[in-house]
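1. Here is the input, now give the coordinates:
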Amino acid sequence: MAMIKSFKRWFYGLIDTWKVKSIQFIITMSFTLITISVMLIVSVILYNKFSQTAEQNTFLSNQQIVEQVSYNLDIYLKGMDEVFDLVDQKIRKSQGIPNETLMEQLETILDSREDIVSMALFTSDGDLITGLPQAELRRNTKLTEQSWFRSAIESPDHLSFSLPHIQNLYKGQYQWVVSMSKGITISRNNESIGAVLMVDVNFKTLDDLFRKVNLGQKGYVYILDESAGNIIYHPQQQLIYAGLKYENVEKALKYTFGSYVDETDGVKRLITIKTVNNIGWKIIGVSYMDEIVTTKNEIGGFISWLLLAVLVLVLLISGFMSAKISQPIKRLEKSMRKVEQGDFEIHIPVQGDDEVGRLSRRFNLMVANIRELTEQIIHEQEAKRESELEVLQAQINPHFLYNTLNSVVRMAGSGKSEDVITMITSLSKFFRISLSRGKRIITVREELEHIRNYLIIQNIRYKNKFDYEITADEEVLSCKTLKLILQPLVENAIYHGIEMMADDGWIHISAGIEEGKVLLEVKDNGLGIPPDKLGSILSGEVKSDEGSGVGVKNVHERIRLTFGNEYGLQIESQLEEGTSVKVWIPILKEEGEVEPI
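-> Model (predicted):
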C-alpha cells in the first residue's frame, strides 16, 4: 500500500509539471488508462479461463490416465493369455500325459515369467494330472467348488479370470493370486477326456501396476468385474470383498466409458470409467473435487498478485518511458535503428525547418544513398554468381565427357586395357575435384591435380600429340585458389593452339609466388593468337564455336570479382610461337570461403 501511495503522489506531481496538451502527458495518460482497462479485463478473463482449463484438464488428465491404465492392463492380460495358450498347446500336443518332455516345457515356461505362481492340469472330477511346482496338494481344498474350476467346467474353451484370492492348493504356499482357467480336452490312455487347465498369476504384479497411478493426492484406481459386479482390485485390499457399499458400484456399472461426479457419503468425487476389451473389466479412476477447487483458488490468488505486480510495474515504466519517447529526436533515433536492422525503405516525414527537420532531410538523403549502393552491390553479386555458374557449366562439358567415353570404348575394343584404366581413373579424379563437395575455393595442389588428370585424358585421346609438364614451388601448393581456373586455359591451348599443328606440341604449367602474389602460368608452343584478337579476349568479344572466349572471360571476371581488380589474367602470344597465360591471385592460406571484396 505504501508503494501505491508513493506512486500516486509522484504521478499527480508529474501531471502538474506537464502541459495538458503535451505529447508526454497524452502518451502517459493514454497508456495508463489503456493498461488499467486491459489488465482488469485480462485478469477476469484469465481467472475464468484458467479455472475452466484446470477443471477440463483434470477431467482430460483422468481420462488419459485411466485409458493408459486400461491399455497397460490389456497388454498385460494379452501377454498372460498368450502364455496360457502356449501351455494349452503344449498339453494338447503331448501324448501320454504326464511325461518328462511336457514337464520340461512347462518348467521352461514357468521360469520365463516371474509373475506365474503355478500351473496345473486337473480332470473334470478334480484329480491332479500334472502341474508345477511339484509340491504336495493340500487336503479339503474343495477344488471342484472353487470359482475358477466351476467357470472352466461351465464354459469350456473359454478363458476365465477369477477374483483375487489366497492360493490354497499347495502346502506351504499362501500367495494372493488371480487364477486363469479353461476347460479343455486332452488325450490320455488313447482316449479323449475333459480336463481343467489352471495358471495362477501373482496378484502383486497387478497391485504394483496400479499403485503407481496417481489421480491427485488422494485419488486412486480400482477394477470392477462388469459381469458379476465384484471388485477385482482395490488399493485397499480389504475392500475387494467388502467395498461394494463404500464404492457406488451400481452406478459405475451403467457406464462403459466416460466421467461423472459422484456424491456418495456427501463427498464429491470425479469418477472416470474405461472398459477393458474382451474380458469386460472396468477400470475406474476416482479423484476428489476438493483438490480441483483448491487448485482454482490457488490460480485465482496467483493471478491476482501477479496482475497487481504487473500493473504497478507497467505504470512506473509508462511514466518513465513517456518522457523519453515523446522527444522528436527519439523518433529519428528509432528510424536509425530500423536502418541498422536493414530497413532501407524507411522515409521520415519532414515537418518544419528546425534542427530535427534538417536532421531528417540529411537522414533521408543518407538512406537513399545507402539503398542505391546496396542495390549496386546486389547487382554485382548476382553478376558474379551468374558468371560462376556459366563457367562451372562450361567446364563439365558434355562434349568432353562424350569424347572421353567414346575414346574409352574404342580403346577397350582394341584391347588397350591399361589405357582404359588410366583414362577412367583420371576421369574419376577429374570430376571428383570438379565437384569438390560444392566448395568453390580449393588448394593450388588440388587445382594442379585436377589439370593433371585433364591432360592425361586429352593426351591419350590425341595419341600423345603433345607433351606436358607441371612444376610448382612447394610453398605455393597449400595456398588457396578458385576452382576450375586452369582447365579453360589448357583447353584453349589444346583446341586452338596445338590441335591444328603439324608438329608435336608441348604445354608447360607452373605455379609459384612472384611480386607478393600467387602466379599460375600456362604456356604452349601452339599457333598463337592474332594481334587483332589478343586485346579482345578478356572482354569476351572474341568467341569461337568451342566457346573459348567465354571460358577465358569468365575465369578473368571470377578472379576480379572475388579478389579485386588488381588480380586476373595476363595473356601474351606470338603467331607460330605460342601463347602464355598468367593467372594472378592473392596469397591466401586460411581455411574457408573467400568473400568478394
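2. where does the stretch 101-250 of the chain dip in pLDDT?
-> Residue ranges of the stretch 101-250 of the chain with pLDDT under 70: 226-229, 237-246.
3. could you show me where the strands are in it, in order?
-> Under the criterion DSSP state E, counting those that start in this stretch, strands of the stretch 101-250 of the chain are mapped to 116-123, 128-132, 160-161, 165-166, 176-188, 191-202, 220-225, 231-233.
4. between the ones you listed, which gets nearest to Gly258?
-> Nearest to Gly258 among those is strand 220-225 (14.5 Å), distances taken as Cβ to Cβ. Bear in mind the C-beta positions are built from the backbone N, C-alpha and C, glycine included.
5. helices and strands around that closest one, which ones?
-> Packing partners of strand 220-225 (3 or more Cβ pairs under 8 Å, 6 or more residues apart in numbering; DSSP states H and E): helix 23-93, helix 203-211, strand 231-233, strand 281-288.
6. Mind listing residues that contact stretch 463-479?
-> 443-445, 448, 451-452, 455, 459, 494, 498-499, 504-513, 518, 587-589 (Cβ atoms under 8 Å, 6 or more residues apart in numbering).
7. Please disregard the earlier target; I meant stretch 420-427.
-> Here stretch 420-427 makes contact (Cβ under 8 Å, 6+ apart) with Leu401, Thr404, Ser407, Val408, Met411, Ala412, Asn453, Tyr454, Ile456, Ile457, Ile460.
8. Show the buried residues in those.
-> The neighbour count (16 or more other Cβ atoms under 10 Å) marks Thr404, Ser407, Val408, Met411, Asn453, Tyr454, Ile456, Ile457, Ile460 as buried among those.
9. any idea how far the last one is from Lys78?
-> Between Ile460 and Lys78 the computed distance is 71 Å (Cβ to Cβ, to the nearest Å).
10. So Gly526: helix, strand or coil?
-> Using DSSP: H, G, I helix; E, B strand; the rest coil, the structure places Gly526 in coil.
11. list the contacts for Ile587?
-> Counting by Cβ under 8 Å, 6+ apart, Ile587 makes contact with Cys479, Ile513, Gly516, Lys517, Val518.
12. whoops, Gly131 was the one
-> By Cβ under 8 Å, 6+ apart, the contact set of Gly131 is Ser118, Met119, Ala120, Leu121.
13. Among these, find me the one that's closest to Val213.
-> Distance to Val213, by Cβ to Cβ, is smallest for Ser118 among the contacts of Gly131, at 28.0 Å.
14. these two touch, right, that closest one and Val201?
-> No. Assessed by Cβ atoms under 8 Å, Ser118 is found out of contact with Val201, at 9.5 Å.
15. Comparing the two, which residue is more hemmed in?
-> Set Ser118 next to Val201 and count neighbours by other Cβ atoms under 10 Å: Val201 wins out with 24 against 21.
16. what pairs with the more buried one across the strands?
-> Taking DSSP bridges as the rule, Val201 bridges to Ile116, Val178.
17. For Ile507, see how far away Thr481 is.
-> 19 Å.
18. Number of residues surrounding Asn403?
-> For Asn403, the count of nearby residues is 14 (other Cβ under 10 Å).
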